[in-house]
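Asker: Sequence plus predicted model, see below.
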Amino acid sequence: MKVVLISTYELGRQPFGLASPAAWLRRLGVQVRCLDLAVEQFDAEAVRGADLVAFYLPMHTATRLAIPVAQRVAALSPSAHLCFYGLYAPQNVEILRSLGAGTILGGEFEEGLCALVERLRSARETGGPVGPQSDAMVSLAKQRFLLPERSGLPPLERYAQLDLGPLGMRTVGYTEATRGCRHRCRHCPIVPVYDGALRVVQRDVVLSDIAGQVADGAQHITFGDPDFFNGVGHALAIVNELHERFPDVTYDVTIKIEHLLRHAKHLPTLLDTGCAFVTSAVEAVDDRILRIFDKNHTRQDFMAVVSLFRDLGLVMNPTFVAFTPWTTLGGFVDLLAVIAELELVENVAPIQYAIRLLLPDGSLLLELSEVQEVVGAFDPEALCHRWTHPDPRVDRLQEAILATLSGEHASAMTRVDAFEEVWRLAAKAYRDGTHRPLEPHRSFELARRPIPQMTEPWFC
């Protein structure tokens, strides 16, 4: 049996979501070809004659990019069974069925893919049609993971690298120690699928996966867990052994502000074991917006964590949803002022200043009256519900910032340059309104060590 696993986009990371199911399927004796279209060309010959073509959909962007590829696959191999799996698959059932999806899998998908292969084999042996999907569309089964098989994927050098400024670049590997999340932040795409459930990738599998990538040249590991401190004991055991076995390998993790405060006593362990930076989805510095998102932290909590990190020498990579239906011009300027006052300008990837709240189908935010007042119908092309800000100046500002940060000169901007340009646009919008004028932002030089940053920054 010939199976093709396709990923279209995963933020410059070699996808665990291809490597893990490849191991499960090859154990069944299946011929598996992995295609990561983020870094390699579509291979029509690989798709022709395939029995199963399965698309990995971990993100909204990956889902949108998969649609034209799926249409191409259907034309090239009309008898192939189409499957879509990953976080965004069960949230877009109607669209995916219209593309010819025979199977849709969310949550823990490896066992479901294996069951699908057995179903296809049975149909081939009997000469009958493939039976309907019998496995749950969303599975939260506790799996015993296999060591991911990364053979056939592009080499790590083709993916995003860690930029250490004058210290050079580091080759980056990627793994996952957990899936799901114990929390239910309303804007998060994980919640409609996992609903507070956490699933653990066994420690020996994680460490063996890292060892294999180090052997392939990885000098840094990104842990893709939605929150690395969801299972803090599991996490600390992994990084302690990682550092013991590979003391020169650094890593980065994602952790909630809430957990950084609750588990502050463990932050020195991160520093001592080679953590280059911690990504934290701060989202906003407006307490009202944080309450709507149900983030379970406050503006002051964020500032407290920044202070903790500065005292320890840990590096924070804060991310934001800069534009929401409740963002005011003054509120956006306040966000910029806080970033400047906390000396985080060089820690923030410029794209963060343009991020607009995404409302996919199934988002818990759609249950709130505050959202129902501004949201439109589901847009099948954008794969989300459109919304318009009550103050059109806010939408215009977001569009201007996005155009500036994605324009032809954006790649030549430093993070300080980008911040200055965003400040200029915000100040102009603020001044043109009914608010008091702003003083021009004072340029500044930062004399600290270079901030580690990925060549392809994280964002939802």
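Answerer: That came through, no problem.
Asker: Name all residues that make contact with residue 3.
Answerer: If you count contacts by C-beta atoms under 8 Å, 6 or more residues apart in numbering, residue 3 has them with 25, 30-33, 50-54, 117. For glycine as for every other residue, the C-beta is placed from the backbone atoms N, C-alpha and C.
Asker: Reformat those residues as a markdown table; add secondary structure and distance to residue 40.
Answerer: A markdown table is the format used below for the contacts of residue 3 (DSSP: H, G, I helix; E, B strand; the rest coil; distance: C-beta to C-beta, whole Å):
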| residue | secondary structure | distance to residue 40 |
| --- | --- | --- |
| 25 | helix | 20 |
| 30 | coil | 21 |
| 31 | strand | 18 |
| 32 | strand | 16 |
| 33 | strand | 11 |
| 50 | coil | 17 |
| 51 | coil | 22 |
| 52 | strand | 20 |
| 53 | strand | 16 |
| 54 | strand | 17 |
| 117 | helix | 24 |
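Asker: out of these, which one sits closest to residue 367?
Answerer: Residue 367 lies nearest to residue 54 out of the contacts of residue 3, by C-beta to C-beta, at 31.6 Å.
Asker: Poorly predicted segments of the protein, please.
Answerer: 432-449, 458-460 (pLDDT under 70).
Asker: out of the contacts of residue 3, which are buried?
Answerer: Neighbour counting by 16 or more other C-beta atoms under 10 Å classes 25, 30, 32-33, 50-54, 117 among the contacts of residue 3 as buried.
Asker: Quick check: bridge partners of residue 323?
Answerer: Under DSSP bridges, the beta-bridge partners of residue 323 are residue 356.
Asker: related to what we said a few turns ago, so of the buried ones among the contacts of residue 3, which two are at opposite extremes in space?
Answerer: 33 and 117, at 14.2 Å, using C-beta to C-beta across the buried ones among the contacts of residue 3.
Asker: quick one, domains of this structure?
Answerer: 2-139, 156-454 (automatic domain parsing).
Asker: which residues sit in contact with residue 410?
Answerer: With contacts defined as C-beta under 8 Å, 6+ apart, residue 410 is in contact with 350, 404, 418.
Asker: Including neighbour count, distance to residue 427 and secondary structure, could those residues go into TSV?
Answerer: Listed next are those as TSV, based on neighbours: other C-beta atoms under 10 Å; distance: C-beta to C-beta, whole Å; DSSP: H, G, I helix; E, B strand; the rest coil:
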residue	neighbour count	distance to residue 427	secondary structure
350	22	17	helix
404	19	14	helix
418	21	15	helix
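Asker: where do the helices sit along the stretch 201-350 of the chain?
Answerer: Ranges of helices within the stretch 201-350 of the chain are 203-215, 232-245, 257-262, 267-272, 287-293, 299-312, 329-341, based on DSSP state H, counting those that start in this stretch.
Asker: gap between stretch 421-435 and the chain center?
Answerer: In terms of C-alpha atoms, centre = their mean, to the nearest Å, the centre of stretch 421-435 is set 31 Å apart from its chain centre.
Asker: same deal with stretch 327-345?
Answerer: The answer for stretch 327-345 is 24 Å, by C-alpha atoms, centre = their mean.
Asker: buried stuff in it?
Answerer: So for stretch 327-345, counting by 16+ other C-beta under 10 Å, buried means 327-329, 331-336, 338-339, 342, 344-345.
Asker: Also stretch 348-365?
Answerer: For stretch 348-365, by 16+ other C-beta under 10 Å, it's 348-361, 363-365.
Asker: next one: stretch 396-409
Answerer: 397-398, 400-402, 404-405.
Asker: For the residues you listed, please prepare a markdown table with the additional fields secondary structure and distance to residue 83.
Answerer: A markdown table is the format used below for those (three-state DSSP; distance: C-beta to C-beta, whole Å):
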| residue | secondary structure | distance to residue 83 |
| --- | --- | --- |
| 397 | helix | 41 |
| 398 | helix | 36 |
| 400 | helix | 41 |
| 401 | helix | 38 |
| 402 | helix | 34 |
| 404 | helix | 40 |
| 405 | helix | 36 |
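Asker: of the residues you listed, closest to residue 208?
Answerer: Taking these together and measuring to residue 208 by C-beta to C-beta, the closest member is residue 405, at 39.4 Å.
Asker: give me every residue that touches that closest one.
Answerer: By C-beta under 8 Å, 6+ apart, the neighbours of residue 405 are 350-351, 353-354, 413, 418, 422.
Asker: how near is it to residue 380?
Answerer: According to C-beta to C-beta, to the nearest Å, residue 405 and residue 380 sit 27 Å apart.
Asker: from what I can see residue 146 touches residue 21, true?
Answerer: No: taking C-beta atoms under 8 Å as the definition, residue 146 is not a contact partner of residue 21, at 9.3 Å.
Asker: ok, back up a step: looking at the buried residues of stretch 396-409, which is nearest residue 219?
Answerer: residue 405 (28.9 Å).
Asker: where's the residue nearest to the closest one when sequence neighbours are not counted relative to residue 410, distance?
Answerer: Spatial nearest neighbour of residue 405, chain neighbours left out: residue 350 (5.0 Å); criterion: C-beta to C-beta, 6 or more residues apart in numbering. With distances taken as C-beta to C-beta, residue 350 is found 7 Å from residue 410.
Asker: intersection of neighbour lists for these two?
Answerer: Common neighbours of residue 350 and residue 410 (C-beta under 8 Å, 6+ apart) are residue 418.
Asker: Out of the domains of the chain, which is the most enclosed?
Answerer: domain 2-139 (a mean of 19; mean count of other C-beta atoms under 10 Å).
Asker: Between the two ends of it, what distance do you get?
Answerer: One end of domain 2-139 to the other measures 25 Å (C-alpha to C-alpha, to the nearest Å).
Asker: and if you look at stretch 37-47?
Answerer: Stretch 37-47 has an end-to-end distance of 13 Å (C-alpha to C-alpha).
Asker: gap between it and the chain center?
Answerer: The chain centre lies 22 Å from the centre of stretch 37-47; the measure is C-alpha atoms, centre = their mean.
Asker: Stretch 22-29 too?
Answerer: 26 Å.
Asker: where does residue 163 fall, phi/psi-wise?
Answerer: As for residue 163, its main-chain torsions (degrees, to the nearest 10) stand at phi -90, psi 120.
Asker: Alright, I will stop here.
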